[in-house]
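> test case, fold it:
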Amino acid sequence: MAPKAIIVCVDESEAAHDALEWAINNMYHDGDCLHLTHCFKPLQPAVGPHYAYVPTEEEQANWRKEKAHVLEEFMSKAKAMKADIHAKSVLVAGDPREELIHYGERENATVIILGSRGRGAIKRAVLGSVSSHLVHHSDIPVVVIHHKKGQEASS
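Reported below is the predicted structural model:
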């Protein structure tokens, strides 16, 4: 069987921990590459009636470093689950709904795996849902792992 590129979308949610565990236990085989991918929105300029703010390059770099900590946590967890795992950390800036699909296409991913935060229908409609968008717009198969409320992800 040819090695697979498996995208696991990670963030600070418990559902993301569930997605990582599911990916390692059910999809990953020796020779595959797990792409631990965190997408974040860069700092944006803001303008108000009495102010204007444009983030400096230093502020953007600090924001990027702060977001990279998410990847460090998930890489540690992946290695704790399987010491010889072949994984890489990927930090992507932009709208996660679009950027995760683009990244998966660039890497010829076999699957995109992500957790669902369990928002209700109204919150999903108003706030948007990355998982719903990926399921409906990605040509790459998408697996959505639902976090069971009250269940803590194992460490």
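
> following element in sequence after whichever strand or helix holds residue 61, please.
Here residue 61, judged by DSSP states H and E, is contained in helix 57-81. Remark: after helix 57-81, the chain's next helix or strand is strand 87-93, criterion DSSP H and E.

> by contact count, what packs against the helix or strand following that next one?
Following strand 87-93 in sequence order, the next helix or strand is helix 96-106 (DSSP H and E). Counting contacts by 3 or more C-beta pairs under 8 Å, 6 or more residues apart in numbering; DSSP states H and E, helix 96-106 packs against strand 5-9, strand 33-40, strand 87-93, strand 111-116, helix 130-137. To be clear about C-beta, it is placed using only N, CA and C from the backbone, and glycine gets the same treatment.

> who does the helix or strand following the last one pair up with?
What it means is helix 130-137. As assigned by DSSP H and E, the chain's next helix or strand after helix 130-137 is strand 142-146. Strand 142-146 pairs in its sheet with strand 111-116 (parallel), by DSSP bridges.

> what is the orientation angle of the partner strand with helix 130-137?
Computed by axes from the mean of the first three to the mean of the last three C-alpha atoms, to 10 degrees, the angle separating strand 111-116 from helix 130-137 equals 140 degrees.

> pLDDT below threshold where in the protein?
117-128, 149-155 (pLDDT under 70).

> mind running it again at 80?
1, 117-129, 147-155 (pLDDT under 80).

> the residue sitting furthest away from the middle of it: what's it in contact with?
For the chain, the largest distance from the centre (C-alpha atoms, centre = their mean) belongs to residue 50, which lies 36.5 Å off. Applying C-beta atoms under 8 Å, 6 or more residues apart in numbering to residue 50 gives no contacts.
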